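**Student:** Would you be able to build a 3D model of this:
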Amino acid sequence: MSMGKKWMKRVAVSMMVACAIAGLSGCGNKEDSSSASGSNVAKVGFINGTTGAVAGYGLSEQQGLNLAVEEINKEGKIHLEVEEQDTQGQVSQAVNVVQKMIGDHKSVLIGPLISSEYKAVSPLVEQAKIPLVGVAITAEGATDNSNYLFRVCVPESENIPQTVNKTHEKLGYKTAAILYSSNNEHQVSAYKVFKRSLEAAGVKIVDTETFADKDSDFSAQLTKIEAAKPDVVVVAAYYQEGALILKKMREMGMNQPVLGDNGFMSPELTKMAGAAANNVYVSSMWTPERNNPETKNFVEKFKAKYGQEPDNFAACAYVAMKYVAKAMETAGTTTDTAKIRDAMANIKNFNSATGPLSFNNKGTPDVDLVLLKIENGQYKAQ
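**Tutor:** Residues are numbered from 1 along each chain as shown. You can find the predicted model right below:
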């Protein structure tokens, strides 16, 4: 979608107009408008990326969040009015959208999709004193030194060391090569944590190569990595480049285990890479195999609504919306952003689809992670 005048298309506004015409209230809810009193209406902004390079992640987040909105509005404790905007993962668009949402007096903002956007809009929400909840923001330090920044996922600084430590114990590798996107803030952050974690585990890094987002030919980098003969290969990339890298590796006869970061946590990776994605390891707070009533309930409802199993991004968006609603209920307000912020910061052992969540003083959850291995297109807990 062109991001000139067209980017101003407001998904939630059109949906709210349609609801108004039908005599309904809210978004994705079939209750009569009389059921939502002004005192319990919560105006939430959802900054997402459903077109462009990040669409695979954004569409999953959209599905997860919309399901949560339906459930919350059906319960009736608060009534959510959610406005979603598509930024295509572009920092400038994210800034424009957040400025507009602040002017529209949203009580809470959810998003944006990627770390560079999140960091760019953070000063705006801090100044406006509006809570910002990141769904899949994993860059180091993204929520540090702020009272209004939160995220419902675990940062790379906690995720990647667990991937390295658990796979190192399981596989016993001694050498590794790293391939990462050098013009992507998230992947540069992931590279630094991978390097630090591998060295701490006593693993020798025999080669490091880089590429740029949207590259499609990785022959030169992989030829150098192949010559270095690493026991494992680390790849920090979004799913598009990640899938191409995996396919090229396997085509070249490079069958080593691959360690990935959060960018690999998408079914789009396995769709694009096919069998080449086998023997890839990632760590995640999300697995549909988690033995938790909230997890089972979410998976069942998601499958019933969308006809497929939820991925990490859908689950985290679902949890983000539920977390915000819980904070509003606890605070006893849908409009006082300071009280909502305080409630968000003090939630302990929130029973969510990704497991029990408690938030530290950096707005980041403390939660158990699961090591996953891709087997025949499925992320299997190890």
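**Student:** In which helix or strand does V193 reside?
**Tutor:** Using DSSP states H and E, V193 falls within helix 185-200.
**Student:** Only the buried residues of the next helix-or-strand element following that helix, if you could.
**Tutor:** Of the helices and strands lying after helix 185-200 in sequence (DSSP H and E), the nearest is strand 204-211. Under the neighbour-count criterion of 16 or more other CB atoms under 10 Å, strand 204-211 has I205, V206, D207, T208, E209, T210, F211 buried. All C-beta atoms are positioned from the backbone trio N, CA, C, and that covers glycine.
**Student:** ditto for stretch 306-325
**Tutor:** With burial defined by 16+ other CB under 10 Å, the residues of stretch 306-325 counted as buried are 310-325.
**Student:** same check, this time on stretch 267-276
**Tutor:** By 16+ other CB under 10 Å, the buried positions in stretch 267-276 come out as P267, E268, L269, T270, M272, A273, A276.
**Student:** Surely the third one touches I245?
**Tutor:** No. With contacts defined as CB atoms under 8 Å, L269 does not count as touching I245, sitting 10.3 Å away.
**Student:** what packs against the helix holding V193?
**Tutor:** Packing contacts for helix 185-200, counted by 3 or more CB pairs under 8 Å, 6 or more residues apart in numbering; DSSP states H and E, involve helix 115-128, helix 156-171, strand 175-181, strand 204-211, strand 232-236.
**Student:** For the fourth one, which strands pair with it and how are they oriented?
**Tutor:** When sheet partners are counted by DSSP bridges, strand 204-211 sits next to strand 175-181 (parallel).
**Student:** Likewise for the shortest one?
**Tutor:** Next to strand 232-236 in the sheet, as set by DSSP bridges, lie strand 175-181 (parallel), strand 258-260 (parallel).
**Student:** For it, list the C-alpha coordinates in PDB.
**Tutor:** Taking C-alpha atoms only, strand 232-236 is exported to PDB below (Å, rounded to 0.1, in the frame of the first residue of the first chain):
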ATOM      1  CA  VAL A 232      26.700 -24.500  14.300                       C
ATOM      2  CA  VAL A 233      25.600 -21.400  12.300                       C
ATOM      3  CA  VAL A 234      23.900 -18.400  14.000                       C
ATOM      4  CA  VAL A 235      21.500 -16.400  11.800                       C
ATOM      5  CA  ALA A 236      20.000 -13.100  13.000                       C
END
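**Student:** the inter-axis angle of it versus helix 156-171?
**Tutor:** Using axes from the mean of the first three to the mean of the last three CA atoms, to 10 degrees, the direction of strand 232-236 lies 160 degrees away from that of helix 156-171.
**Student:** I'd like the mean pLDDT over whatever helix or strand comes next after strand 232-236, please.
**Tutor:** As assigned by DSSP H and E, the chain's next helix or strand after strand 232-236 is helix 239-251. Predicted confidence along helix 239-251 averages 98 (mean pLDDT).
**Student:** For the chain, which segments count as helices?
**Tutor:** With DSSP state H as the definition, the chain shows helices at residue ranges 11-21, 55-75, 91-103, 115-128, 156-171, 185-200, 219-228, 239-251, 267-273, 293-306, 312-331, 337-346.
**Student:** Return the angle between stretch directions for the fourth one and helix 337-346.
**Tutor:** With the same axes, to 10 degrees as the criterion, the two stretches helix 115-128 and helix 337-346 enclose an angle of 130 degrees.
**Student:** just checking, what packs against helix 115-128?
**Tutor:** Using 3+ CB pairs under 8 Å, 6+ apart: helix 115-128 touches helix 91-103, strand 132-134, strand 149-151, helix 185-200.
**Student:** Now tabulate those in a markdown table and tack on mean pLDDT.
**Tutor:** A markdown table is the format used below for the helices and strands packed on helix 115-128 (pLDDT from 0 to 100):
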| stretch | mean pLDDT |
| --- | --- |
| helix 91-103 | 98 |
| strand 132-134 | 98 |
| strand 149-151 | 96 |
| helix 185-200 | 95 |
